[in-house]
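> Sequence first, predicted coordinates after that:
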Amino acid sequence: MSFDMCIPAPAKVNIGLRVLKKRADGFHNIESIFQTLDFSDELRIHRIPQKKCVVSCAQMLLPLENTLTKTYSAFCAETNIDFGVEIELNKVLPAGGGLGGGSSDGASLLKGLADLAEIQLTDSLADAVAEKVGSDVFFFLHSGFFQKGRGCALVSGRGEIVEAIEPRTDLSFLLVFPGVHSSTKEAYSLVDKAYESGLEVSCPDFSELKRFYYGLIGAWKFANSFTPVLINKYPLIGQALRDVLECGADWADMSGSGATVFGVFKSEADAKKAALKCQKKWKCVLTH
């Protein structure tokens, strides 16, 4: 099959993730810094005359309705395009890993569809589609990734409020995959139960996140509200987190609702040494 375009769909990590108590509508507000990484899926997109979205993926069996088909349907509803697409998804990011893989795939497809249709991807169009696909899609669309090749933002609300900030480029990230799948629904349910029992996770105020982010890593006070409850249910996550820290990470936590653990290093040499140690026990990836 020939392809009209190839688009990367990057992973993101959460540098701190404060989950607030459930809202009246059932959603949760969050406060976090999201940053994209040089570790990504790839979408190969081919325009076809039939108005449909056909997705193939060699790495995993996708459900008939998935993030890509939802994105295509939402884009059609907003624009009335008259063409379809065949997509070959090279799936590198683990499903259910807390790295935003599905949302990133959706955002990158939306960018590709707009380019194929020669339609300007305005903020209002992007938001209308993201609203129908998933909360993390907003970040990938508004983080600056498509303009600069790297994205970073303060994220709040239920994920739809995105304030792009300049990403740090002096950090190395070691991703460790404990082999645990935690669904977002399960993670939020566990946090709700923990809050009912009085659990409090100390996190910096939202107004302080940017200051900590640009400061010394050793002074970071970021925390992920999901981490203690997921470790309690899945001890392997805790083991991975301890190992990353013992290998020399300057800071480490779980990303998103898990289960990927990542360490942050100010020295690339130290990150490489840590990766050599960790890969003896865990599946891991060193990236920036």
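Looks like it arrived, so ask away.
> For G258, which three-state class applies?
Secondary structure assignment for G258 (DSSP: H, G, I helix; E, B strand; the rest coil): coil.
> K70 reaches V133, doesn't it?
Yes. When contacts are counted by C-beta atoms under 8 Å, K70 is listed as touching V133 (5.0 Å). For the C-beta atoms, the positions are set from N, CA and C on the backbone; glycine is no exception.
> Name the residue in the two with the higher neighbour count.
Taking neighbours as other C-beta atoms under 10 Å, K70 and V133 compare with V133 leading, 25 against 19.
> where exactly do the helices run in the stretch 101-250 of the chain?
Assigned by DSSP state H, counting those that start in this stretch, the helices in the stretch 101-250 of the chain fall at 101-117, 123-133, 135-142, 145-148, 184-196, 209-214, 227-233, 235-246.
> Now render these as JSON lines, adding mean pLDDT and distance to L64.
Formatted as JSON lines, the helices of the stretch 101-250 of the chain follow (pLDDT from 0 to 100; distance: least, C-beta to C-beta, whole Å):
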{"stretch": "helix 101-117", "mean pLDDT": "97", "distance to L64": "15"}
{"stretch": "helix 123-133", "mean pLDDT": "98", "distance to L64": "16"}
{"stretch": "helix 135-142", "mean pLDDT": "97", "distance to L64": "20"}
{"stretch": "helix 145-148", "mean pLDDT": "95", "distance to L64": "28"}
{"stretch": "helix 184-196", "mean pLDDT": "93", "distance to L64": "20"}
{"stretch": "helix 209-214", "mean pLDDT": "98", "distance to L64": "39"}
{"stretch": "helix 227-233", "mean pLDDT": "96", "distance to L64": "29"}
{"stretch": "helix 235-246", "mean pLDDT": "98", "distance to L64": "31"}
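> just these: most buried one?
Each of these was scored by mean neighbour count; the highest is helix 135-142, a mean of 26, by mean count of other C-beta atoms under 10 Å.
> returning to what we had before: would a markdown table of the helices of the stretch 101-250 of the chain with distance to G263 be doable?
As requested, these are exported to a markdown table (distance: least, C-beta to C-beta, whole Å):
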| stretch | distance to G263 |
| --- | --- |
| helix 101-117 | 20 |
| helix 123-133 | 30 |
| helix 135-142 | 22 |
| helix 145-148 | 22 |
| helix 184-196 | 21 |
| helix 209-214 | 16 |
| helix 227-233 | 14 |
| helix 235-246 | 4 |
